[in-house]
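>>> what's the 3D shape of this:
(3 chains)
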Amino acid sequence: MALLEVRDLGVSFVTRNGVNKAVDGISFDVQSGKITAIIGESGSGKSVACYSMLGLIPSPPGRIDSGSALFDGEDLLQMSESQLRRIRGRDVAMIFQDPMTCLNPYLCIGDQLAEPLILHCGAGKAEARRRAIEILDEVGIRDPGTTIDSYPHEFSGGMRQRVMIAMALINEPRLLIADEPTTALDVTIQAQILKLIADLQKKRDIGVIFISHDLAVVADIADEIAVMQNGRIVEHGDREAIFRGAEHPYTQTLLAAIPSGSKTLSEAVGDDLIRVRNLRTWFRTPSGDTMKAVDDVSFDIRRGEVLGLVGESGSGKSTIGRSLLRLVPISAGSVSFDGTDITVLEGKALKSMRRRMQMIFQDPFASLNPRMTVFDTLAEPLLLHKLEDRRSVSDAVLRLMDDVGLARSAVRKYPHEFSGGQRQRIAIGRALATRPEFVVADEPVSALDVTIQAQILDLMVELGREYGLTMLFVSHDLAVVRHIADRIIVLFQGRVIEEGSGEQLFNAPRENYTRELLGAIPGSSLL
Amino acid sequence: MWRFIGSRLLQAVPVILAVITATFFLVRMAPGGPFDSEKAVIPEVRAALEAQYRLDQPLASQYFAYLGDLASGDFGPSFKYPGRSVNELIAAGLPVTAELGFYALLIATLIGGLAGVLASLKPNTAQDYVPMALAMLGICMPTFLLGPLLVLLFGIRLEWLPVSGWGDLPGDKILPSLTLGAALAAYIARLSRAGMLEVLSQDYIRTARAKGLPEWQVVTRHALRGGLLPVVTFLGPAFAGLLAGSFVVESIFQIPGLGRFYVQAAFNRDYTMILGTTVFLSTLIVLFNLMSDVLAAWLNPRLRAQYGSSA
Amino acid sequence: MTTEVITDIAQAEQGTSLWQDAWVRLKKNRLAVCGLIVLLIMVMTALLTPWIAPYAFDAQNLDLGATPPSAAHWLGTDIFGRDMLTQILYGGRISLAVGFIATTVALLIGVTWGAIAGYVGGRVDAVMMRLVDILYALPFMIFIVLLMVVFGRNMLLLFLAIGAVEWLTMARIMRGQVQSLRQQEFVEAAISLGLPTSTIIRRHLVPNALGPIIVYTTLTIPGVMLLEAFLSFLGLGVQPPQTSWGLLISYGADTMEEYPWLLIYPGLTLTVTLFSLNFLGDGLRDALDVRGSRD
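Sure thing, here's the model as predicted:
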């Protein structure tokens, strides 16, 4: 008998605008000692399904319509709130996406760790503390006897997720639900946490539900995979079946969206358009210290080339992009664009240089002025640089809409009326409006769903060719960069670690850090 | 922590000094001297009086002499009550006002906090709407209207409670405390509801529920501290509001407290009394602000760590 | 999607701006709409008072004395036989004027101060906001009482004094807004387009900072009116022969035992006005919440 048998589970949200079926009759099993992954994009109902079984969705508006969820033969959906409470944290534990917000900032972690133990097992304070120290040690927290009295803000993101895992496992649950536990973490940390979850799961022989938007993340650890779309499980099978012989078109789309392979190099690579020499961008922090975000970085970008800039958070990759566009003050060094040192430009000269270099930002929700229509957003650069006059501007805007793949009829709408992917198209249109020669793309797809990521990447490659763009592509994701860039620079703590073509880096990395990064790419077993 | 308190105290010093200076010169700028108003005074008497109150000296030396007096704890004599000093009036009024303020604060934090927390637990139900409607009424019903209305109802029509006085009759402290505390209770109810709603939507509350904690423990152990932090920060400004309210309440209920002395002094143009009381009350307010800041910082581990590292 | 290729933007369907969205949400909030209507009526009557008041402002009838509400005097008369409705109408002119003018003073100073501090940043910001912090710590209520005592009961001074207190919070809100907006990517995008600073402020910062400012302004007016009423009640604000709601409440409180209507009607008027402003402010806050309409 399976540890958890879910049959025909249906959950809906009743709102003023009608009933929204979030989960539409799904069935799956979780076996003891196995990891079952539920994969789906945002809004697919994957989290709602799991939360609803444990009575963790707010009701109203949430409502369980149908089905059963037999845990050890008992139906969770028929249990009273107090029965469910006895199961939660004892037999079924959870870890969540963002370790920064999931721990109570007002309590030291020792108190939070001991809580389930005292609650469910009636452990004494001393006993609970001893056990908490043990389990902190087990999840790899150094010096647990001391750190147990620390507050969450004293830990890094990865360490906090380890604390969350310790807290979930302290009562030896039989089922662990992990909701996107690595999405908010850096790649190398993600690899560590994934390994930790897999190890602990094997050691304890427990069942795990691993919820993720990213097939690649679960490729190495999942035994079974269920793919969800619009509240339904569209395909279900063991790992081999999904990765080697997916039948449903949606699963195939998801698989195709995993970036793989190197780009075929651009043919039209010419002389150096950008020359960066000994660039330093230092910030003064509020506490008065100096943060060396970018420290002595030099590189060139040739005309028509896409240069990938890869690094984890704090590596200075975004700051380099912003330094090149004079969006942050540069501390030292030089940046020359087409032979002109742009670090000294002012006034008119700077303005006309700005026309030639543009930026595409990470968050399409923040990068568009919410009070301006698409037309105003796209027309602003055209009119500012006198590329069009009042009469011709509307035609030019409509042509831009065509270029970025948006319906012309949507031109008078506001940003909030578009989806994330569509907004990113608008942002790309704004960047291309001035017909720039050089574009900095700062994590342009990392805020988007996987299938949308692939579309936007394709669009950028296509437009890059059409507009003859030189591009600096900034990302934390080596696989994405390899897919789009001709050449890749690896950054670590504000310095260049390694530089080379995608082939060189992937096949013969010279530096340890690069090797670590490569090893951390999720789903490398697939490649 | 001590460094934080120290730095805050250091910041408070120039503020208090600024208050003293501004008040002193404002009062001296007032058109017409204190002895001009009433019947003509014989020149010799006038000269003697002016000498007594140092009015014959240059302004600058008056100022520094006053600072010296203050440093030795002397708030100066009263113009209008010859022979009585500001210190005596403060000594007589402060205990009364402090007691009134304490009751009002107690009522406000207990009722307001409870109402706000209860409302936040069941938003958009009767449990939310009823206390919040009352809180809105409390905010829109000024103290000087609520006081007379309560007197009219409970004192005059129903004759349940005394209409004025302090400490003479049983129950005569109820109406003034209630009047003074009502508006504050309303603000605290709204603040704590907003704070609790914010915290209850945080991810770590979901973590607490996932651990299987009963709802009351989720609230008491995980939500209350963060949710009520805005109320703690508000206590400083609330104290200033209470003092201002005490002017009105003490006038309505004829309570011999600092507030009533202050209003009387304002009417009588008793300049030394105004000067002395202003300096005294301002210092109190600045210190109270300091205390609520320190308390808020202490309740927040992140701030506590930031300031406590060198403690 | 079946979209015919349009050739002119006039053919495109019109989107709904956040302002329109907010207006739709506000219209659904019945309390806020009631507040808005009551407020509009109040402002209209205040403007038209000299023409619609049933009696002259200074008309006394000592023989009549205080009478309860009647057909001739809807809200009764005071001890001098003056019509209460007329008194309330004229008092409302002063009370509303103090509320709106002092708030405008606060708005102008606060928004300018906060916008400059937030946009320029750095040391200028530190100095400007330090000053605000210091002023914040000053006990202003006591200070206003002092001002009124020292300089006499002067309306202009009252406006200035109250405005000078209220601008501090306005400055803090505006600075916070500008500072968080400045870090938004769309402002960075505007800079990288090469837009001049003045255009960035006008087109990208101000329209987005306006929401919280409107809400806070709406909520400042009742605070200011309360302050005026408080001072007038103590006899330190508006002086006879002028009158205001606070002053009328003060007179009413003196004689409430015999003539309760003299307290109740001005009290009711003030409370209803404050209610309206607060409900409207709360409604605007919910309606203009930009983050709420993000998804």
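>>> low-confidence regions, the stretch 1-150 of chain B specifically.
For the stretch 1-150 of chain B, residues meeting the criterion pLDDT under 70 lie at B:1, B:30-41, B:49, B:52-53, B:55.
>>> tell me the residues of it that contact chain C?
Within the stretch 1-150 of chain B, the residues that sit near chain C (C-beta under 8 Å from any C-beta of the partner chain) are B:11-12, B:14-15, B:18-19, B:22-23, B:26-27, B:29-31, B:136-137, B:139-145, B:147-149. Quick note: C-beta positions are derived from backbone N, CA and C, even for glycine.
>>> buried subset of these as a ChimeraX selection?
Here is the ChimeraX command that selects the buried residues among those (16 or more other C-beta atoms under 10 Å in any protein chain shown):
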select /B:12,15,19,23,26,27,30,136,139,140,141,142,143,144,145,147,148,149
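>>> inside helices: which ones of the residues of the stretch 1-150 of chain B next to chain C?
Among those, DSSP state H puts B:11-12, B:14-15, B:18-19, B:22-23, B:26-27, B:29, B:136-137, B:139-140, B:143-145, B:147-149 in helices.
>>> and the closest residue to residue A:351 other than its chain neighbours, how many residues sit next to it?
Distance criterion C-beta to C-beta, 6 or more residues apart in numbering or on different chains; nearest residue to residue A:351, sequence neighbours excluded, is residue C:194 at 4.1 Å. Burial measure for residue C:194: 19 neighbouring residues, criterion other C-beta atoms under 10 Å in any protein chain shown.
>>> next: residue A:507.
By other C-beta under 10 Å, neighbour count at residue A:507 equals 11.
>>> can you show me the helices along chain B?
Using DSSP H, helices in chain B cover B:2-29, B:43-52, B:59-71, B:86-107, B:113-121, B:126-140, B:143-150, B:174-200, B:203-210, B:215-217, B:224-252, B:258-268, B:271-299, B:301-308.
>>> buried residues of the fifth one, list them for me.
This means helix B:113-121. Within helix B:113-121, the residues scored as buried using 16+ other C-beta under 10 Å are B:113, B:115-121.
>>> and that helix with helix B:224-252, angle?
Relative orientation of helix B:113-121 versus helix B:224-252 (axes from the mean of the first three to the mean of the last three C-alpha atoms, to 10 degrees): 140 degrees.
>>> tell me what helix B:113-121 is packed against?
Here helix B:113-121 touches helix B:126-140, helix B:174-200, helix B:224-252, going by 3 or more C-beta pairs under 8 Å, 6 or more residues apart in numbering or on different chains; DSSP states H and E.
>>> that helix versus helix B:174-200: what angle between them?
Going by the same axes, to 10 degrees, helix B:113-121 makes 30 degrees with helix B:174-200.
>>> same check on the third one?
For helix B:59-71 against helix B:174-200, the angle by the same axes, to 10 degrees is 90 degrees.
>>> pull the CA atoms of helix B:59-71 into PDB?
Output in PDB follows, covering the C-alpha atoms of helix B:59-71 (Å, rounded to 0.1, in the frame of the first residue of the first chain):
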ATOM      1  CA  LEU B  59      17.600  89.200  27.100                       C
ATOM      2  CA  ALA B  60      20.800  87.200  26.700                       C
ATOM      3  CA  SER B  61      21.700  87.200  30.300                       C
ATOM      4  CA  GLN B  62      18.000  86.400  31.200                       C
ATOM      5  CA  TYR B  63      18.300  83.400  28.900                       C
ATOM      6  CA  PHE B  64      21.500  82.100  30.400                       C
ATOM      7  CA  ALA B  65      20.300  82.700  34.000                       C
ATOM      8  CA  TYR B  66      17.200  80.700  33.100                       C
ATOM      9  CA  LEU B  67      19.300  77.800  31.700                       C
ATOM     10  CA  GLY B  68      21.300  77.900  34.900                       C
ATOM     11  CA  ASP B  69      18.000  77.700  37.000                       C
ATOM     12  CA  LEU B  70      16.800  74.800  34.900                       C
ATOM     13  CA  ALA B  71      20.100  72.900  35.300                       C
END
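>>> identify the residues contacting residue B:108.
B:181-182, B:184-185, B:188, B:238 (C-beta atoms under 8 Å, 6 or more residues apart in numbering or on different chains).
>>> now swap in residue C:178 and tell me
Contacts of residue C:178 (C-beta under 8 Å, 6+ apart): C:114-115, C:117-119, C:205, C:209.
>>> okay, now residue 117: neighbour count?
Using chain A here. The burial count for residue A:117: 24, using other C-beta under 10 Å.
>>> could you do chain C instead?
Quick note: residue C:117 (other C-beta under 10 Å) scores 24 neighbours.
>>> which among the contacts of residue B:108 gets closest to residue A:150?
residue B:188 (32.5 Å; C-beta to C-beta).
>>> how much space between the closest residue to the closest one other than its chain neighbours and residue B:186?
Nearest residue to residue B:188, sequence neighbours excluded (C-beta to C-beta, 6+ apart): residue B:112, at 3.1 Å. For residue B:112, the distance to residue B:186 (C-beta to C-beta, to the nearest Å) stands at 7 Å.
>>> list residues touching both of the two?
Residues touching both residue B:112 and residue B:186 (C-beta under 8 Å, 6+ apart) are residue B:135.
>>> what does the stretch 201-311 of chain B put close to chain C?
Neighbours of chain C within the stretch 201-311 of chain B, by C-beta under 8 Å from any C-beta: B:240-241, B:243-244, B:247-248, B:251-252, B:262-263, B:266-267, B:269, B:274, B:278, B:281-282, B:285-286, B:289.
>>> need the buried ones from those residues selected in PyMOL.
Listed next is the PyMOL selection for buried residues among those, using 16+ other C-beta under 10 Å:
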select buried, chain B and resi 240+241+243+244+247+248+251+252+262+263+266+269+274+278+281+282+285+286+289
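>>> no more questions from me, cheers.
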